[in-house]
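K.L.:
Generate a structure from the sequence data that follows.
(chains A and B)
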Amino acid sequence: MLGARRRFEGHAGNGTMTLSHAEVGRIYVLEGLDGGAAFREKICSMGLNTGAQFRIIANSGHGPVGLEVRQTRLGIGRGMAEKIRIREVES
Amino acid sequence: MNPDKKEIVVALAGNPNSGKTTLFNNLTGANQHVGNYPGVTVESKVGVAEYNGLRFRFVDLPGTYSLSAYSIEEIIARNAIIQGKPDVVVNIVDASNLERNLYLTTQIVELGMPVIIALNMADMAKRRGFLIDHDLLSHLLGVPVIPTVGNKRRGMDNLLESISRVAKGEVNPQPSIVKFGKEMEQELAGLGDLISRDPGVMNGYKPRWLALKLMENDAEVAKLLSKHPHIKDIVNAAKESGSKIEAIYGEPTSTIISDKRYGFISGACSEATKLTGEHRHDISDKIDLALIHPILGLPIFALFMWLLFHLTFSLGEKPMEWIEAGITALANFLSASMPEGMLSSLLIDGVIGGVGGVIVFLPNIMILFFCIALLEDTGYMARAAFVMDRIMHKIGLHGKSFIPMLIGFGCTVPAYMGSRILEDRTDRLVTMHVSTFMSCGARLPVYILVGGAFWPEHAGNVVFSIYALGVVAAIVAVKFLRSTRFKGMSAQFIMELPPYRVPTLRSLLLHMWERAWMYVRKAGTVILGISIIMWFLMTFPQTKTFSTDYEALIEETDVSMSEGLIGAGERDSMVSQYENEMASESISRSFAGRLGKLVEPVLKPLGFDWKLGVALIAGFAAKEVVVSTMGNVYGVGEADETSESLRSKLSSDPNYSKLTAYAFLVFVLLYMPCMAALAVFLKESKSWKELAFQIGYTGALAWIAAFVIYQGGSLLGLG
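P.N.:
Numbers count the residues shown, from 1 in each chain, chains lettered A, B, ... in the order given. Take a look at the predicted model:
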């Protein structure tokens, strides 16, 4: 129930949200990955592991999310972005 | 290195976009060839180089981010390292993106092969504000680190020197292995001991690595160890270890492993890297603001695509004319210097007519592939996939699917090959099945011919409508496939957006050449063979007695001329008229003509007669020969898409209306790909079933669409 609501709103109340709800220009830190082992390894191998900080470069609410992590840019499909938990970093 | 061995075998490993291919090209120059990895259809490139009297054999591994077993490229890369037993593994690392690139390095090092790091694009890192102390980095990682700048060919000699030293054993790297913490290491050691009880099944893999992979739930390693006599104990122990670790850390084992890897990397990088001031957002930032903009992104993409096609066709026009002139000159030369007969007919009508018709498109193909290489090398292609993913995903395709589909406008053969960039097999198959409808360059002459014949004023619009219809057909087909044979969604999009770069001309030309060569090879092999077969089918059995005595008519004409009743010009045109009618009649009685008549009942409801049937059968062999076959069947001799005589023949034929013409164009657009493309389809899909499906459903779709247009149009009183 809580999980469903969190996915719907994208916020869990304690500052955690999904990547799909991230705002362009802000900096976030990766909290966790809600997917299978293949998904986790794919995301990690491209530079996004737990604790990695990144900046959002594109997110229009439709289509993939663009972000910059470890001096590289990634495009991540919306479905995947919904399985990536993040938290905003106070700047 | 084994002293008897004459060659040093070097495997090149690295991330995609790390500059691996450029480095490979620098090292090996033109001495390379493309092969396939055993058992799979992923291309492997091998090249040789000489340095200081030593011979090097470089194997270019697929670009990967990891060596897990989740994608075919990763499995290939790690098997090539472990089973290929190279003397040295050179890991190309993009210095401007050090941490992410070193993630792969930590995994290569675990395999226990001698590793050298080529620290590539250090100049770019410097411009971005990072100064890397490569000696310190080498010390921290325990492997030689050689700075290189691939696109400026810097550091190549140092790299070769370092490789030969490591291969000869003069330098013995002691790579630092990432430690995963006391608890984890204990479990790994225990598991490793259990596995090494039977060294026979280890196949050269290190026990610690096997243990690590088992704890990561690696399916390939589990398969490998299934022959182990103690496999049950091992699997149980691995499960136990896994749950122990997860209980301690409260996270999946694989997450702990990757976190430790990044921890090690961050430590090494922060020590070896100096920031030379504030990290400035480089030019890529500003370009991306526009190119992946939520509103501007798509129109910009559309503009680039329009430019791509415009350039392909307008720049290609002149060289096409030259090639055409050359082919005509060659045919004229042959017909003048050879006695008329079977051999000259085979050479001129069969070989030159068939292969020449394909080679004519080479300029278009080369320009198209040059533009595609430009989009790839600058870094725009990934952005285009990003922008397109929103639409493609809705249709049921992957963002990256548009790349093979785009190539399909050039030629279906490389389009099928290009679908390899999709990791998911279902995505790959769906993309291949629908790429067929992206109208290839070989179908264009048919549109120009028929469009020009029936719509002389609006030929351009007609041709465009056919291209657009192809895209619509592809979308409909995806919807159909996704709701029937390939249920479910496309795989999720994840793609690196590499920094924008100014591409080198050398690399662009190389890319273009690789693909153009594929096309030329097709012309020289498959199409040559098919042309000869078609010539045979259209020439035999030879007609001895004609319905009309043409010989007598020609004689009569000659007599009329000698009596002064008609002029020489009039005589010539009458004679060639008789000769063409003769040729047409002999084709109608040939094998090809009989085949055309055999399929006529099937094509009748579409408004097609046997002549169009013959052209379509020839097109199954190669789309390029549809027009030249029509030239033969309609008895106008040599013909191309601008042939006026063939156009007037078609438009004045009482059997054909505008409806027939449009139905024919749609049929040519949709029906099965040519034989060369089908051969590649089978090679790529590795499934006869998929091949049969491709042939069946495209044929069915073509028939239905043409039927609806012809019958529907007739009912509405059109045409």
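
K.L.:
so does the helix or strand encompassing B:Ala331 get close to chain A?
P.N.:
B:Ala331 is part of helix B:297-337, with elements assigned from DSSP states H and E. No. On the criterion CB under 8 Å from any CB of the partner chain, helix B:297-337 is out of touch with chain A, staying 8.5 Å away. The way it works is simple: take the backbone N, C-alpha and C, and place the C-beta from them, glycine included.

K.L.:
same deal with stretch B:245-257?
P.N.:
Yes. Judged by CB under 8 Å from any CB, stretch B:245-257 and chain A are in contact via B:Glu251, B:Pro252, B:Ser254, B:Thr255.

K.L.:
Let me know the pLDDT of the third one.
P.N.:
This means B:Ser254. Looking at B:Ser254, its pLDDT stands at 87.

K.L.:
likewise the first one?
P.N.:
Listed pLDDT for B:Glu251 reads 87.

K.L.:
Confirm that it sits in a helix.
P.N.:
No. Using DSSP: H, G, I helix; E, B strand; the rest coil, the assignment for B:Glu251 is coil, not a helix.

K.L.:
And it, how far from B:Glu183?
P.N.:
13 Å (CB to CB, to the nearest Å).

K.L.:
just the last one next, same as before
P.N.:
From B:Thr255 across to B:Glu183, the span is 15 Å (CB to CB).

K.L.:
Number of residues surrounding the closest residue to B:Glu423 other than its chain neighbours?
P.N.:
Excluding its sequence neighbours, the residue lying closest to B:Glu423 (CB to CB, 6 or more residues apart in numbering or on different chains) is B:Ser71, at 5.1 Å. B:Ser71 is flanked by 18 other residues according to other CB atoms under 10 Å in any protein chain shown.

K.L.:
correct me, but B:Ser71 touches B:Thr64?
P.N.:
Yes. Using CB atoms under 8 Å, B:Ser71 makes contact with B:Thr64 at a distance of 7.4 Å.

K.L.:
Can you tell me which residues in chain A are near chain B?
P.N.:
So chain A meets chain B at A:33, A:37-38, A:40-47, A:49-52, A:57-58, A:60, A:62-64, A:66, A:69-80 (CB under 8 Å from any CB).

K.L.:
Please compute how far stretch B:211-221 lies from its chain's middle.
P.N.:
In terms of CA atoms, centre = their mean, to the nearest Å, the centre of stretch B:211-221 is found 33 Å from the chain centre.

K.L.:
got the CA positions of that stretch in PDB?
P.N.:
Output of stretch B:211-221 as PDB, limited to C-alpha atoms (Å, rounded to 0.1, in the frame of the first residue of the first chain):
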ATOM      1  CA  ALA B 211      33.300 -18.000  -5.900                       C
ATOM      2  CA  LEU B 212      32.600 -14.300  -6.400                       C
ATOM      3  CA  LYS B 213      30.500 -14.900  -9.500                       C
ATOM      4  CA  LEU B 214      28.500 -17.600  -7.700                       C
ATOM      5  CA  MET B 215      27.800 -15.200  -4.900                       C
ATOM      6  CA  GLU B 216      26.600 -12.700  -7.500                       C
ATOM      7  CA  ASN B 217      24.200 -15.400  -8.900                       C
ATOM      8  CA  ASP B 218      26.000 -15.500 -12.200                       C
ATOM      9  CA  ALA B 219      24.100 -18.000 -14.400                       C
ATOM     10  CA  GLU B 220      27.000 -18.700 -16.800                       C
ATOM     11  CA  VAL B 221      29.300 -19.700 -14.000                       C
END
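
K.L.:
Check which residues of that stretch are buried.
P.N.:
By 16 or more other CB atoms under 10 Å in any protein chain shown, the buried positions in stretch B:211-221 come out as B:Ala211, B:Leu212, B:Lys213, B:Leu214, B:Met215, B:Glu216, B:Asn217, B:Asp218, B:Val221.
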